[in-house]
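Visitor: take a look and give me a structure for this.
(2 chains)
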Amino acid sequence: MDALVAADERAFHEHVERPDFAIGEARGRWRLLRIAWPTADIAVTARDGAEWGFRFLVDGYPAALPNARPCDVATGAPLAPDAWPRGEGRFAAVFAPGWNPSALYLPCDRLALPGHDHWHTQLPHLLWRPAVGIVHYLEIIHELLASRAHHPAVRAAA
Amino acid sequence: MKNIIFLAIETEAVDRIKLGEAPVVADLLHFLEKERGVDVAELLVFKEDCDEPLEHHHPVHGHDNPVFHAHRCRHVDVSVHYGAKTFKHRFAPSATIGKITRWAVDEAGLGREEAEEHVLQVHGSTEQPPASAHLGSLAKRGCEVVFDLVRKKLVQG
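Guide: Numbers count the residues shown, from 1 in each chain, chains lettered A, B, ... in the order given. Sure, this is the predicted structure:
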């Protein structure tokens, strides 16, 4: 990489080249779409095989929390709230455009964590982990999209 | 032609390793000893989610899922607490948390939907390793790991 590339961008590139990210790609769990710093678009595969795009804002990586929002896989454009993946229970709590159409309601998201100090004690496993990096956020999203709490049919019918 | 495999050694993060043509386990161990300074004397190499260690002549190339785990433990004793019950079983260090979770929810008698709402948490911690993690990566003190089977929590304000 260019020697003038900032530390956060360099760190992100290093993380998406690590074995844990590569294994997830090889297993078809996620796929890097594009990087246009400070954003990165990554597709995550749902249990029906459909890919859902997510635009991550990753300036300050990995020390700063990222932000993620669903996006169009082809273009990276934000998805309208009615085009977000649907589900129930744990899934619906996280994919909640009615709360904020620019973020997922997760402790590892920079737009969701403020004002939720109790998450530090109640949901420590969902807090951002700089050493694990973007794979941690992807694991959380993939687990939800792969669960039965996600309703793939809603998208197909849309 | 170089062959690329993924290998986790005990509690270390998974690594990408380039080996020569048609490598076998002995070649991998030789590489680890010479290039990485790893003490391989008692190191056993397992293919991910396979129960038995690979013989030294076993190929490490040509696998659809070239993910391996090297560990000094041949087995890891797993205990899972679920309410007042405790389930025990012995797994290879290369067993994924996904595989162990499937066993645990079956032991607990959970139906399919209930099973999906539960996760293994390392006993005495808040760590919930991902389904892709290897059991051996959690065996930090000897050849045993203790989990609690807990319900996944709803994110709420």
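Visitor: who's in contact with the most centrally placed residue in chain B?
Guide: Chain B has B:His134 as the residue nearest its centroid, 2.2 Å off, counting by Cα atoms, centre = their mean. Neighbouring residues of B:His134 by Cβ atoms under 8 Å, 6 or more residues apart in numbering or on different chains: B:8, B:48, B:69, B:93-97. Heads up, the C-betas are built off the backbone N, CA and C, glycines and all.
Visitor: all the helices of chain A, residue numbers only.
Guide: A:7-16, A:19-26, A:89-94, A:119-122, A:134-145, A:152-157 (DSSP state H).
Visitor: just for chain A, where's the confidence low?
Guide: A:1-3, A:153-158 (pLDDT under 70).
Visitor: spell out which parts of it neighbour chain B.
Guide: Residues of chain A found near chain B (Cβ under 8 Å from any Cβ of the partner chain) are A:19-20, A:22-24, A:26-27, A:89-90, A:93-94, A:105-107, A:115-116, A:119, A:122-126, A:139, A:143, A:147-149.
Visitor: buried only: go through those residues for me.
Guide: Buried members of the residues of chain A next to chain B, counted by 16 or more other Cβ atoms under 10 Å in any protein chain shown: A:19-20, A:22-24, A:90, A:93-94, A:105-107, A:119, A:123, A:125-126, A:139, A:143, A:147, A:149.
Visitor: what is the burial count for residue 29?
Guide: Reading this off chain A. Per other Cβ atoms under 10 Å in any protein chain shown, the neighbour tally for A:Arg29 reads 22.
Visitor: that's the wrong chain, I meant chain B
Guide: For B:Leu29, the neighbour count with other Cβ under 10 Å is 18.
Visitor: and for B:Leu7?
Guide: Counted with other Cβ under 10 Å, B:Leu7 comes out at 21.
Visitor: quick check: buried residues in the helix or strand bottoming out on mean pLDDT in chain B?
Guide: One helix or strand of chain B scores below all others by mean pLDDT, DSSP states H and E: helix B:112-116, with a mean of 92. Neighbour-count burial for helix B:112-116 flags B:115-116 (criterion: 16+ other Cβ under 10 Å).
Visitor: what's that helix in contact with?
Guide: So helix B:112-116 is contacted by A:147-149, B:102, B:105-106 (Cβ under 8 Å, 6+ apart).
Visitor: what are the phi and psi values at the residue nearest to the centre of chain B?
Guide: For B:His134, the backbone dihedrals (degrees, to the nearest 10) come out as phi -90, psi 140.
Visitor: would you turn the helices of chain A into TSV with distance to B:Leu19?
Guide: Listed next are the helices of chain A as TSV, based on distance: least, Cβ to Cβ, whole Å:
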stretch	distance to B:Leu19
helix A:7-16	23
helix A:19-26	14
helix A:89-94	41
helix A:119-122	43
helix A:134-145	24
helix A:152-157	40
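Visitor: go through these and name the closest to A:Ala40.
Guide: helix A:7-16 (6.7 Å; Cβ to Cβ).
Visitor: which residues touch residue 93?
Guide: By default, I'm working from chain A. For A:Ala93, the contact set (Cβ under 8 Å, 6+ apart) comprises A:105, B:154-156.
Visitor: wait, chain B was what I had in mind.
Guide: If a contact means Cβ under 8 Å, 6+ apart, then B:Pro93 has B:10, B:44, B:46, B:69, B:71, B:73, B:75-76, B:134-136, B:139 as its contacts.
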